[in-house]
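# structure for the following, please:
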Amino acid sequence: MNADIEKRDFFKDPFSETELKKIIKMTGRSPSRLLRKRDKMYKELDLENNKKTDAQIIKLMIKYPGLILRPIVITKNKAFVGKIDVKSLK
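Residues are numbered from 1 along each chain as shown. As a prediction, this is how the structure comes out:
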């Protein structure tokens, strides 16, 4: 499979709230399903027990990008986050 790949370090070049909302929508998942549970902020904020709204979760992801599950692969109209089955990208 040939593809042009553009890499982005979202720690150095963070997502805007609009970008992140668009990516989340493209995954078809809720923001809470895109949280990286092994990140230290996940534990510090006690996100396992401290229920947040989608909007609150997105704001936390912007403030603490380590909370965002990675990698993120964006194709024309879909986004895949976390462990990716390469066959699903075709």
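# contacting residues for the residue positioned nearest the centre of the chain?
For the chain, the residue nearest the mean C-alpha position is I68 (4.2 Å; Cα atoms, centre = their mean). Listed by Cβ atoms under 8 Å, 6 or more residues apart in numbering, the contact partners of I68 are 10, 15, 20, 34-36, 61, 81. No exception for glycine: its C-beta is placed from N, CA and C like everyone else's.
# same check on I74?
Counted by Cβ under 8 Å, 6+ apart, I74 has contacts 23, 26, 80.
# and it, how far is that from E44?
Distance, I74 to E44, by Cβ to Cβ, to the nearest Å: 29 Å.
# got a pLDDT number for the closest residue to I23 other than its chain neighbours?
Sequence neighbours aside, A79 is the residue nearest to I23 in space, at 4.9 Å (criterion: Cβ to Cβ, 6 or more residues apart in numbering). Note for A79: predicted pLDDT of 88.
# just give me the neighbour total for A79.
17 (other Cβ atoms under 10 Å).
# looking at it, it is touching I72, isn't it?
Yes - judged on Cβ atoms under 8 Å, A79 makes contact with I72 at a distance of 6.2 Å.
# what's the overlap in contacts for these two?
The contact sets of A79 and I72 overlap at I23 (Cβ under 8 Å, 6+ apart).
# any idea how far stretch 14-29 is from the chain center?
In this view, stretch 14-29 has its centroid 7 Å away from the chain centroid, taken as Cα atoms, centre = their mean, to the nearest Å.
# now do the buried residues in it.
By neighbour count on 16 or more other Cβ atoms under 10 Å, the buried set for stretch 14-29 is 15, 20, 23-24, 26-27.
# ok, now stretch 69-78?
Those would be 69, 72-73, for stretch 69-78 by 16+ other Cβ under 10 Å.
# can I get those in TSV with secondary structure?
Shown next, in TSV, are those (DSSP: H, G, I helix; E, B strand; the rest coil):
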residue	secondary structure
L69	coil
I72	strand
V73	strand
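# which residue in the residues you listed has the weakest pLDDT?
V73 (87).
# pairing partners for that residue in the sheet, please.
According to DSSP bridges, the partner residues bridging V73 are F80.
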